[in-house]
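Asker: this is a predicted model, with the sequence first.
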Amino acid sequence: MVPSATNSTALSKLFDERSRFVLIGLTGRTGSGCTTASDILEKKSPVFPEFEKLVDKDGTPFFKGLDANRYGILKNYAENNWEHFFSIKVSDVISAYLLRLSQKDLVEFVYSAKGEGIKAPKASIESAIRGTAFSNAIVQKELRRFGDLLFDHTASVDLDKADDAAFVRFLRRIRKFTKNFKRQLQELDKGLYVAVYQAAGSSIRKLGKVDINYRESVFDTIQLFHLPETINRIIKVFRRTRDNAYVVIDAIKNPYEARFFKERYAAFYLVSVNAPDDDRKEYLQQVHKFNVDQLAVIDRKESGKDDDPAGHFISPNVKKCIEMSDIHMYNPRREIGNNNILSAQLAWYFALMHHPGLVSPTSMERTMEFAYSVKRSSGCISRQVGAVITDTENSVKAIGWNDVPKGQVPCVFRSVEGALFDFDAKVYSSYERTNEQFRVALGRGYKGVLGCEALGGRNLSYCFKDVKNSINKEENQVHTRSIHAEENAFLQLAKYGGQSIRGGRLYTTASPCELCSKKAYQLGIAEIIYIDPYPGIANTHVLDVGETAPKLIQFRGAVGRGFHQLYEMTLPYKDELELLLSAPGDCEKKGGRGLG
């Protein structure tokens, strides 16, 4: 039997790895609050709000029922075990790449990157760059000193204490440069800073450097992860030189960079910060003075849409990053300076990162996890979505995922070869087997790739909707073979029978389209809990009208990998307490109420 005096020491070893290193990657649309979250995490002694101060936009308590108890436990743990984070701002890392350019090349790059709707004369740009720390001798000297550490990914990351301190000072000078450069670019045009740094990020992912001609250059695929690898080298330095390394990356906007860190660190959490779209835009207009057109350009740039042939890999795609997130945080930006709700959620999840299983999941998390799990059953090759329907008590009544009607073969199991040559009536429709126009379009679209070695054994599936729309030159969603996840869940109730869902809830890993929103409205759904807004008019046209409109609620909580990592106990909590308190003298009284 283990001596009781060593129990607490052995127990601490169980949690040692989690308590020594945590890596958070923040993601979210511009203006959602990623930098605000990073600033809170950087504080050495943040003040987490009391439960009474946490009030939602509609005036109701943010934490209701047992969630208030959960928050009390997690807040207390976070306050007693807080470790402040070091923030690595992606914009600062991009600045280090920009500083490697000559002044002339930087002017040319900024001018070429300004994009549509931005008015900034080249002479003004040149004047602004001369006024920054670009030519600062100390910054340039330190960049030469630490350049290999950052950009030569084969070089050692070992630093002694003196070099470590100098490296931190260098990073702080880069941050100061970024702030000054941002201010001067925004003085020329409010949208210029975002345009320049988005273009620089795309150039680095495409070529491994900032280059004025990156759009016309051939994609060097080896450089795809050059930017996250540079960030990773900074993380390695901090891990090697500190007993406890708590790092936050502000902010990740490319899904492949998020995947880079997910696959390297078990202690990595991708955290999306989400603000209601109206609040976010109002904040950007009031505080940062963006106009409507500038906001539209930013949102389009962050959507993953890019004319560059390599755009799928090198462009920001915040929507996809949000879909991939382990934790989703809600940040109402109704009052400038009031970050209580965001701060409370950071305390909540810090405590669980540090010590998993302190509390059970919320009912919202538990139910959304069902939806998140069932979406993997989808045979759609475009997107996987899951949905859950509950009654008024949050008891699950039906689940669904986007897929073809039962009895048909999902798209992931079909192929171009099968459609063109097999003529299997159970797998391919009469239209696909007999319509000459469709078959010509399908053959033309995949000409030259049938049997291609690049497939590496992959099944060459195809999307019927895309082929059909290419014939008619349209964007018609009616041609999908699949039933939407929400619709599928509704139909399960009708197919197998069930209780009334009037006044119930619809959980969806995306958010309902216009057609599914109308069905939810007709069925009397009271609340729709979603992760990522559907880019249509479901809210403003279908749901935001009438006397019994469902309430739209943005999901907050952990799902998927994050759900299991944060809520799975390392050992039963009862056993943990018994082991912790079993050694005489181990329990040192610290406030609280005694028993007499």
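Answerer: Structure's in. What do you need?
Asker: low-confidence ranges, the stretch 51-200 of the chain, go.
Answerer: Across the stretch 51-200 of the chain, the ranges flagged by pLDDT under 70 are 132-137.
Asker: ok, 90 please
Answerer: Filtered on pLDDT under 90, the stretch 51-200 of the chain yields the residue ranges 56-60, 103, 114-120, 127-145, 147-149, 155-166, 168-169, 180, 190-191.
Asker: and the strands in it, which stretches?
Answerer: 86-89 (DSSP state E, counting those that start in this stretch).
Asker: which residue ranges of it form helices?
Answerer: Here the stretch 51-200 of the chain has its helices, by DSSP state H, counting those that start in this stretch, at 66-81, 90-98, 103-113, 122-130, 137-151, 161-188, 192-207.
Asker: got the angle between the fifth one and helix 90-98?
Answerer: Think helix 137-151. Orientation check (axes from the mean of the first three to the mean of the last three Cα atoms, to 10 degrees): helix 137-151 against helix 90-98 gives 100 degrees.
Asker: stretch 388-404: end-to-end distance?
Answerer: 18 Å (Cα to Cα, to the nearest Å).
Asker: do the same with stretch 453-471
Answerer: 28 Å.
Asker: the stretch 401-550 of the chain: helices as residue ranges?
Answerer: Counting by DSSP H, counting those that start in this stretch, the helices of the stretch 401-550 of the chain are 416-417, 430-434, 436-445, 464-472, 485-496, 514-522.
Asker: and stretch 443-463, which residues are buried?
Answerer: By neighbour count with 16 or more other Cβ atoms under 10 Å, stretch 443-463 contains the buried residues 446, 460-462. Every residue, glycine included, has its C-beta placed from N, CA and C.
Asker: take those and lay them out in CSV including pLDDT and distance to residue 499.
Answerer: Shown next, in CSV, are the buried residues of stretch 443-463 (pLDDT from 0 to 100; distance: Cβ to Cβ, whole Å):
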residue, pLDDT, distance to residue 499
446, 92, 47
460, 96, 44
461, 97, 38
462, 96, 40
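Asker: which two of these have the greatest separation?
Answerer: Using Cβ to Cβ, those reach their maximum pairwise distance at 446 and 461, which is 10.6 Å.
Asker: count the neighbours of residue 360 for me.
Answerer: Counted with other Cβ atoms under 10 Å, the neighbours of residue 360 add up to 12.
Asker: how near is it to residue 466?
Answerer: 43 Å (Cβ to Cβ, to the nearest Å).
Asker: residue 8 too?
Answerer: Relative to residue 466, and taking Cβ to Cβ, residue 8 is found at 60 Å.
Asker: please apply the same query to residue 306.
Answerer: 19 Å.
Asker: the two: which has the busier surroundings?
Answerer: In this view residue 306 and residue 466 are compared by other Cβ under 10 Å, and residue 306 has more residues nearby, 19 against 14.
Asker: which residues sit against stretch 239-248?
Answerer: 19-26, 37-38, 41-42, 83-88, 157-159, 161, 164, 235, 238 (Cβ atoms under 8 Å, 6 or more residues apart in numbering).
Asker: list the buried residues in it.
Answerer: 239, 241, 245-248.
Asker: and it, how far apart are its ends?
Answerer: Termini of stretch 239-248 sit 13 Å apart (Cα to Cα).
Asker: same question for stretch 246-264.
Answerer: 16 Å.
Asker: so which two of the buried residues of stretch 239-248 are the farthest from each other?
Answerer: It's 241 and 248 that sit farthest apart of the buried residues of stretch 239-248, by Cβ to Cβ, at 17.4 Å.
Asker: ok, residue 506 to residue 490 distance?
Answerer: Taking Cβ to Cβ, one finds residue 506 at 9 Å from residue 490.
Asker: what is in contact with these two at once?
Answerer: Listed as contacting both residue 506 and residue 490 by Cβ under 8 Å, 6+ apart are 389, 520.
Asker: give me the more crowded residue out of these two.
Answerer: Ranked by neighbour count (other Cβ under 10 Å), residue 506 and residue 490 place residue 506 first, with 28 against 24.
Asker: who's the more buried one bridged to?
Answerer: With DSSP bridges as the criterion, residue 506 is bridged to residue 389, residue 528.
Asker: surely it touches residue 389?
Answerer: Yes - because the distance of 5.7 Å satisfies Cβ atoms under 8 Å, residue 506 is recorded as touching residue 389.
Asker: find residues that contact each of those two.
Answerer: 489, 525.
Asker: among the buried residues of stretch 443-463, which one lies nearest to residue 350?
Answerer: residue 461 (42.0 Å).
Asker: check which helix or strand covers the nearest residue to the closest one once chain neighbours are set aside.
Answerer: Spatial nearest neighbour of residue 461, excluding adjacent residues (Cβ to Cβ, 6 or more residues apart in numbering): residue 381 at 5.0 Å. Under DSSP states H and E, no helix or strand contains residue 381.
Asker: quick one, the helix or strand containing residue 371 and helix 485-496 angle?
Answerer: Using DSSP H and E, residue 371 sits within helix 363-374. If you take the same axes, to 10 degrees, helix 363-374 sits at 90 degrees to helix 485-496.
Asker: give the buried residues for helix 363-374.
Answerer: Buried, per 16+ other Cβ under 10 Å, within helix 363-374: 363-365, 367-374.
Asker: just to revisit the earlier point, next, the residue nearest to residue 461: phi, psi?
Answerer: phi -90, psi 0 (degrees, to the nearest 10).
Asker: confirm for me that it is in contact with residue 413.
Answerer: No - taking contacts as Cβ under 8 Å, residue 381 lies outside contact range of residue 413: 9.9 Å.
Asker: ok, those two, which is more surrounded?
Answerer: The residue with more neighbours, out of residue 381 and residue 413, is residue 381; 17 against 13, by other Cβ under 10 Å.
Asker: mind listing what that one touches?
Answerer: So residue 381 contacts 411-412, 461-463 (Cβ under 8 Å, 6+ apart).
Asker: circling back to that earlier point, out of the helices of the stretch 401-550 of the chain, nearest to residue 268?
Answerer: Using Cβ to Cβ, these put helix 485-496 closest to residue 268, at 27.9 Å.
Asker: average pLDDT across that closest one?
Answerer: Helix 485-496 shows a mean pLDDT of 93 in the predicted model.
Asker: could you give the average pLDDT over the helix or strand harbouring residue 230?
Answerer: According to DSSP H and E, residue 230 maps onto helix 226-241. Average pLDDT, helix 226-241: 94.
Asker: quick one: buried residues of that helix?
Answerer: 226-239, 241.
Asker: what does stretch 479-497 give?
Answerer: 479-493.
Asker: same check on stretch 255-274?
Answerer: 255-262, 265, 267-274.
Asker: likewise for stretch 339-347?
Answerer: 339-347.
Asker: from those residues, which land in helices?
Answerer: 340-347 (DSSP state H).
Asker: quick check, nearest of those to residue 287?
Answerer: Taking those together and measuring to residue 287 by Cβ to Cβ, the closest member is residue 342, at 15.7 Å.
Asker: all the strands of the stretch 201-350 of the chain, in order from the start?
Answerer: 245-250, 268-274, 327-330.
Asker: mean pLDDT and distance to residue 127 added to the ones you listed, as TSV?
Answerer: Output for the strands of the stretch 201-350 of the chain, formatted as TSV (pLDDT from 0 to 100; distance: least, Cβ to Cβ, whole Å):
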stretch	mean pLDDT	distance to residue 127
strand 245-250	97	29
strand 268-274	97	35
strand 327-330	97	40
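Asker: which one of those strands lies nearest to residue 421?
Answerer: strand 268-274 (42.5 Å).
Asker: neighbouring contacts of the closest one?
Answerer: 22-29, 32-34, 36-37, 252, 258, 261-262, 321-322, 324-331, 342, 349, 353, 554, 562, 565.
Asker: thanks a lot, see you next time.
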